[in-house]
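Chemist: The following comprises the amino acid sequence and a computationally predicted model.
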Amino acid sequence: MNELKKHVVDIQNEAFALVAKAKTETDLNEIEIRFLGRKSEFNALLKGLKDLSSEERQAVGPLVNAIKQEMIRSFAEARQKMKLASVDWEKDRLDVTAPGVKLPEGHLHILTQVQREIEDIFTSMGFDIASGPEIETEFYNFDALNTPAHHPARDMQDTFYIKSKDGQENLSLRSQTSAVQVRYMEQHTPPFRIIAPGRVFRNEATDTTHEHTFFQFEALMVGEDINVGNLKYVAQEFFSRFFKTEVKIRLRPSYFPFVEPGFEFDISCLSCGGEKGCSACRHNGWLELGGAGMVNQNVFVNAGYERNRYQGLAWGFGLERLAMMKYDIPDIRLFHSGDTRFLSQF
Ligand SMILES: [Zn+2]
């Protein structure tokens, strides 16, 4: 029995000596297989325990098991030592005082920023913000706005119509934020002033100044004593604040079905101030901006108001156009390009 004990201890000593000399993880693996593997002498010894008498087993069993645990522990220790020895402490040192790396951060899209700026200016002048659906009925998009049945704007060439079920009203993607006008008027009694910013859609070829999907904002002021002077004043105030420079307004007579009288709306050139003329304004001192006018009484009647009871003024402007002028953006298609090189500039 003592012989067996001695043999087990010899095996342990031999294993420890080899582990101490091992240089690589591969060496360790080989030694481990040799001493603790399935075909190892030690494993055979363990298996042989069951053939001993119970007295013998009690005498030698605990020792054999303790030695096995010792050996397992020594392999684990040796591996841990090797791992620590392989660390390059200088290279892998964590400098807790080093400045951090800034993670990329998202921000609002340029058009959202511009829309919010416009909303801020108008709300500070007492305007409310209104909205309407992007899929609109022919009534609100055209009929209610006094657009004649055969007006070219209703053409399939210009407007995205949506196939509707039999008997339902013709639906289309709204072609102008003016569609919000009558919706709002049906729910409110003058006086009021609102802007309605939103997305609109036109079935047209795209180029540097045209997009099939873009943003507009409609301004609408209705009351018993609204006149063109209010239009000039509010517009001049808005554009001067938006462009952060004193802007002059010019109205030229024009025709839009929903206003009477109607105007083309120009502002003094932002580059030359309108005095001398420059290439930005084609040397005439003015920049075209959109349409405006006094609300046609037919529109009021369509909204359920009494004819000639109220006067109103309305304008519609393209949000992209204003952003392009303010930030010198050469191509309207950049806004929806998803190009982060463009978007990250704002
Ligand atoms: Zn100019």
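Modeler: Okay, I see it.
Chemist: contacts, neighbours, all on C-alpha from now
Modeler: OK.
Chemist: Show me where the chain dips below the pLDDT cut-off.
Modeler: By pLDDT under 70, the weakly predicted segments of the chain are 1, 157, 167.
Chemist: Excluding residues flanking it in the chain, which one is nearest the closest residue to the ion within the stretch 51-200 of the chain?
Modeler: Closest residue of the stretch 51-200 of the chain to the ion, CA to the ion: Val114 (22.8 Å). Nearest residue to Val114, sequence neighbours excluded (CA to CA, 6 or more residues apart in numbering): Ala323, at 6.7 Å.
Chemist: Is it correct that the one you found is in contact with Leu111?
Modeler: Yes - counting by CA atoms under 8 Å, Leu111 is a contact partner of Ala323 at 7.4 Å.
Chemist: where does the residue nearest to Val114 land in three-state SS?
Modeler: Under DSSP: H, G, I helix; E, B strand; the rest coil, Ala323 falls in the helix class.
Chemist: dump the residue contacts of it.
Modeler: By CA atoms under 8 Å, 6 or more residues apart in numbering, the residues touching Ala323 are Leu111, Val114, Ile329.
Chemist: list the contacts for Leu49?
Modeler: Leu49 makes contacts with Arg57, Gly61, as judged by CA under 8 Å, 6+ apart.
Chemist: where does it sit relative to the ion, distance-wise?
Modeler: 104 Å (CA to the ion, to the nearest Å).
Chemist: how far away is that residue from Pro99?
Modeler: In this view, Leu49 and Pro99 are 63 Å apart by CA to CA, to the nearest Å.
Chemist: Ok, Pro190 next?
Modeler: 59 Å.
Chemist: likewise Pro152?
Modeler: 62 Å.
Chemist: Give me the more crowded residue out of the two.
Modeler: Pro152 (12 against 7; other CA atoms under 10 Å).
Chemist: ok, now which ones touch that one?
Modeler: Here Pro152 is in contact with Asp158 (CA under 8 Å, 6+ apart).
Chemist: and Thr112, how many neighbours?
Modeler: Using other CA under 10 Å, Thr112 is surrounded by 12 other residues.
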